[in-house]
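1. give me the fold of what follows.
(chains A, B, C and D)
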Number of protein chains: 2
Amino acid sequence: MNTRNTKQRQAIFDAIEHHGGHLTADEVYKLVKRRFPRLSLGTVYRNLRVLVEQGSLRELDFGMAVTYFETVKDSHYHIICRVCGSITDAEMPIERRLQSVVAQARNLGGFRIEEHRLDFIGVCASCQSKPKKAGRGARPIKSR
Amino acid sequence: MNTRNTKQRQAIFDAIEHHGGHLTADEVYKLVKRRFPRLSLGTVYRNLRVLVEQGSLRELDFGMAVTYFETVKDSHYHIICRVCGSITDAEMPIERRLQSVVAQARNLGGFRIEEHRLDFIGVCASCQSKPKKAGRGARPIKSR
DNA sequence: CTCCTTGCAAACTATTTGCAATCTG
DNA sequence: CAGATTGCAAATAGTTTGCAAGGAG
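-> Numbering: from 1, shown residues only, chains lettered A, B, ... in the order given. I've put the predicted structure just below:
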């Protein structure tokens, strides 16, 4: 499948790159629709999938019913507020301290570990000061 | 809300406890329906939520579109095969080696970390020997 | 031209919910 | 009995897909 370079696809990627953070398909749709009023949600979903397959985007699932997308340029862990649902990037290098844990796990039943996922769940500074604000994006975080 | 002890609720919990592993709502439904043919999926979902609120069950989301449930008696990380979708418990104590990482993260922007989630993604021994088996439960794993 | 891509609408899947009937304490 | 819970069916929400028309290489 020879992928082509449509303005919609470019605009979808640009929107996420320009935003810098994590966006849902619907948020991307609303952003890009400003420049392409005829844009459809289906097109957004299809392009997000293509961009992920191309390696341009990374898909993120935090157990909040929606999927987030971000550009792949930086690798980091995520800090998630369980009250308002905000997602912040942890300014710490990925891996490093996890070496020992990964090493332990590597011995388990011949399983080949390719990657690990680590998130921090808690309450952000803003939600600590204004108790029970629970913004719109506040979907329940599922534990593991 | 004074929760009551119905046979359906008991049977739902028993099914998960007896199985020992991680089950989806639909899997629980099919299991329990054998003893309660009139059981409805809605009842299963409602009871799973009650049992989680009671602290009897833990909810697990691995970015695979479905939610899994397990009993709370043990805390562990999970090892997920991206080929067949199998989920195995890591026989390692939770936390321990992560102290230093958590400590680092604790200083970030006043965020109060309450818990963290760690999963290992890779290919299980079985899928390494039989390449591309991709069992039924093989939903795509989303990265973070 | 070829066939990838779009817009639109309908389809899907997992999960939730309204409601009257039915149990539990 | 009072109120929690059930079965059933319809409703949601996020995401996917079929199809004919349009656009990129």
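2. what is the neighbour count of the residue lying closest to A:Glu59 once chain neighbours are set aside?
-> Closest residue to A:Glu59 apart from its sequence neighbours, by CB to CB, 6 or more residues apart in numbering or on different chains: B:Lys142 at 4.5 Å. To be clear about C-beta, it is placed using only N, CA and C from the backbone, and glycine gets the same treatment. By other CB atoms under 10 Å in any protein chain shown, 20 other residues sit near B:Lys142.
3. B:Lys142 contacts A:Gly63, correct?
-> No: B:Lys142 lies out of contact with A:Gly63 (CB atoms under 8 Å); the separation is 10.4 Å.
4. what do the two both touch?
-> Listed as contacting both B:Lys142 and A:Gly63 by CB atoms under 8 Å, 6 or more residues apart in numbering or on different chains are B:Gly63.
5. which residues does the residue nearest to A:Glu59 contact?
-> Residues near B:Lys142 by CB under 8 Å, 6+ apart: A:Glu59, A:Leu60, A:Asp61, A:Thr67, B:Gly63, B:Met64.
6. host element of the residue in chain A positioned nearest to DNA strand D?
-> Relative to DNA strand D, the nearest point of chain A is A:Gly42 (2.7 Å; CB to the nearest atom of the strand). A:Gly42 is part of helix A:41-54, with elements assigned from DSSP states H and E.
7. for chain A, which helix or strand comes out least confident on mean pLDDT?
-> Ranking every helix and strand in chain A by mean pLDDT, DSSP states H and E puts helix A:99-106 at the bottom, with a mean of 62.
8. next helix or strand past that one?
-> Later in the chain than helix A:99-106, the nearest helix or strand by DSSP H and E is strand A:112-123.
9. return the list of strands paired to that next one, each annotated with direction.
-> Sheet pairing of strand A:112-123 (DSSP bridges) gives strand A:78-81 (parallel), strand B:112-123 (antiparallel).
10. closest to B:Arg9 out of the ones you listed?
-> Set against B:Arg9 and scored by CB to CB, these come closest in strand B:112-123, at 26.6 Å.
11. now do the buried residues in that closest one.
-> For strand B:112-123, burial by neighbour count (16 or more other CB atoms under 10 Å in any protein chain shown) applies to B:Ile113, B:His116, B:Arg117, B:Leu118, B:Asp119, B:Phe120, B:Ile121, B:Gly122, B:Val123.
12. cool, stretch A:41-49 as well?
-> Neighbour counts over stretch A:41-49 (16+ other CB under 10 Å) mark A:Thr43, A:Val44, A:Asn47, A:Leu48 as buried.
13. list the contacts for the last one?
-> I take that to be A:Leu48. A:Leu48 neighbours (CB under 8 Å, 6+ apart): A:Ile12, A:Ala25, A:Val28, A:Leu57, A:Glu59, A:Phe69.
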